[in-house]
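Student: Provided below for reference: sequence and predicted model.
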Amino acid sequence: MRVEAKDLQSALTQAAQNLSCSVMDLEYEVIQQASKGFLGFFQKNAIIEAKNKKKPYHKADRQNKKREFDKMPQSFEDKNFSYEKKPYIKSYDERLEERASEKNTDKTLEKQTQGYKSKERLKAPSYTIKEESIFVSFHKEEQELKDPKFYLEEIKTQLKNLMAISGFKIAISELRVYSKDSIYIKLDGEDAALLIGKEGYRYKALSYLLHNWINSKYKLLVRLEIAEFLKNQEQGMDFYLKNIIEKVEAIGRAQTKHLDGVLVKIALEKLRERFPNKYVGIRQNGDQKFVVVNDFFKKDE
């Protein structure tokens with residue numbers, strides 16, 4: 001049987017349905033491999049020639065077997081032989097002896113069970129905690145965090161591979177330790193503007209991707225710069241925060257406008273640096289984020 005479908009799996013499924021068997025029972029030959037083509041052109045379906053390895057089962061075979069079975073002798077009555085088994089009735093003395101033996105057996109089992117339980121209590125297993133080397137080394141790795149410089153070369157290699165498959169003409173212009181728990185990455189090239197994207201949406205996506213990778217694997221934070229994007233954002237934020245700083249100095253508290261992406265982080269860092277003795281945090285209202293500055297509230301106030 002020749003079957004044609006969009007792919008090999010669909011062709012096998014269709015052949016199994018047509019032959020009333022499972023896919024495992026099919027014996028098939030691929031006449032033509034399926035091909036997706038290019039941009040919807042030159043698409044090819046899969047063509048196979050299939051047959052059932054097992055002999056198909058028909059109702060006629062079942063009826064023939066039933067006829068043969070009907071011809072066989074079904075009981076001893078066909079041979080003019082009858083047998084009737086009469087039940088054996090125990091005497092009164094035999095029943096009394098049987099009941100007594102059952103009671104003795106139950107008592108013996110009960111004593112054996114109690115003795116086994118008492119032995120289990122006496123021989124309670126003692127557990128010892130073994131200090132496996134794998135757990136010890138795991139906790140030591142957590143406690144002894146390595147210098148970020150140790151990971152720079154490895155991160156640079158992985159980052160080059162990522163940029164190579166991204167399709168953008170971008171190079172790593174700088175990679176260094178920014179602080180004891182963060183690194184600074186600067187990317188630049190012909191496609192820097194494309195990598196940043198409209199309103200920085202690609203910058204945000206790449207920054208999020210790098211943070212999830214580097215923070216989960218190396219326990220480090222990431223400060224990403226593409227061309228002069230981050231620098232320009234910081235300069236714009238410096239200009240905007242002047243009014244916020246004046247307001248905090250005048251009345252002791254203030255709140256920024258709705259900020260998005262990297263702007264929230266920049267505003268948070270600059271205001272915390274400017275007001276170390278005040279509470280500077282993020283307030284969220286739905287999808288909108290604001291940076292707020294106010295006084296710390298004590299429990300006795």
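Tutor: Good, I have the coordinates. Numbering: from 1, shown residues only.
Student: any idea of the pLDDT on Leu210?
Tutor: pLDDT, Leu210: 91.
Student: meant to ask about Arg274
Tutor: In this prediction, Arg274 carries a pLDDT score of 90.
Student: Check which residues of stretch 15-30 are buried.
Tutor: 15-16, 19, 21, 26, 28 (16 or more other CB atoms under 10 Å). In short, each C-beta sits where N, CA and C put it, glycine included.
Student: helix, strand or coil for Ile243?
Tutor: I think there's a mix-up here, since residue 243 is Asn and not Ile. helix (DSSP: H, G, I helix; E, B strand; the rest coil).
Student: number of nearby residues for it?
Tutor: Residues lying near Asn243 (other CB atoms under 10 Å) number 11.
Student: measure it to Gly281 for me?
Tutor: 19 Å (CB to CB, to the nearest Å).
Student: next one: Glu234
Tutor: 20 Å.
Student: need the contact list for Ile196.
Tutor: 202-203, 226-227, 229 (CB atoms under 8 Å, 6 or more residues apart in numbering).
Student: Can you lay out the residues you listed as CSV showing secondary structure?
Tutor: Output for these, formatted as CSV (three-state DSSP):
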residue, secondary structure
Arg202, helix
Tyr203, helix
Ile226, strand
Ala227, coil
Phe229, helix
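Student: out of the residues you listed, what pair is the most spread apart?
Tutor: Arg202 and Ala227 (12.3 Å; CB to CB).
Student: before we move on, the earlier item: need the contacts of Ile196 in CSV (columns: pLDDT, neighbour count and distance to Leu259).
Tutor: Shown next, in CSV, are the contacts of Ile196 (pLDDT from 0 to 100; neighbours: other CB atoms under 10 Å; distance: CB to CB, whole Å):
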residue, pLDDT, neighbour count, distance to Leu259
Arg202, 88, 16, 19
Tyr203, 87, 23, 15
Ile226, 91, 24, 19
Ala227, 88, 18, 21
Phe229, 87, 19, 16
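Student: residue ranges of the helices in this structure, please?
Tutor: 8-19, 59-71, 92-122, 133-143, 152-166, 192-196, 201-218, 229-251, 262-274 (DSSP state H).
Student: can you tell me which of the ones you listed the model trusts least?
Tutor: helix 133-143 (a mean of 45).
Student: Test of understanding: give the bridge partners of Tyr279.
Tutor: Taking DSSP bridges as the rule, Tyr279 bridges to Asn294.
Student: Please name the residues that touch it.
Tutor: Tyr279 neighbours (CB under 8 Å, 6+ apart): 292-296.
Student: Surely Asn52 and Leu26 touch.
Tutor: Yes: between Asn52 and Leu26 there is a contact at 6.9 Å, judged by CB atoms under 8 Å.
Student: Identify the contacts common to these two.
Tutor: Leu19.
Student: count of neighbours near Leu241?
Tutor: The burial count for Leu241: 19, using other CB under 10 Å.
Student: Same question for Glu154.
Tutor: The burial count for Glu154: 11, using other CB under 10 Å.
Student: and if you look at Gln14?
Tutor: 16.
Student: Surely it touches Arg2?
Tutor: No: shown here, Gln14 and Arg2 do not form a contact pair, counting by CB under 8 Å, at 10.9 Å.
Student: and the residue nearest to Gln32 when sequence neighbours are not counted, bridged to which residues?
Tutor: Nearest non-adjacent residue to Gln32, counting by CB to CB, 6 or more residues apart in numbering: Ile47, 4.1 Å away. When assigned by DSSP bridges, Ile47 has beta-bridge partners Glu4, Gln32.
Student: Quickly note the distance from Ile47 to Asn18.
Tutor: 14 Å.
Student: How about Gly197?
Tutor: 52 Å.
Student: rewinding a little: of the contacts of Tyr279, select the buried ones using a ChimeraX command.
Tutor: With 16+ other CB under 10 Å as the criterion, this ChimeraX line picks the buried residues out of the contacts of Tyr279:
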select :293,294
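Student: what's the pLDDT at Tyr184?
Tutor: 92.
Student: Specify the strand with the largest residue count in the chain.
Tutor: strand 170-179 (DSSP state E).
Student: ok, that one: who's next to it in the sheet?
Tutor: When DSSP bridges is applied, strand 170-179 pairs with strand 182-189 (antiparallel).
Student: relative to helix 229-251, how tilted is the strand it pairs with?
Tutor: 130 degrees (axes from the mean of the first three to the mean of the last three CA atoms, to 10 degrees).
Student: tell me the contacts of the closest residue to Ser10 other than its chain neighbours?
Tutor: In space, and not counting its chain neighbours, Ser10 is closest to Ala46: 7.3 Å by CB to CB, 6+ apart. Contacts for Ala46 (CB under 8 Å, 6+ apart) come out as 4-8, 10-11, 30, 32-34.
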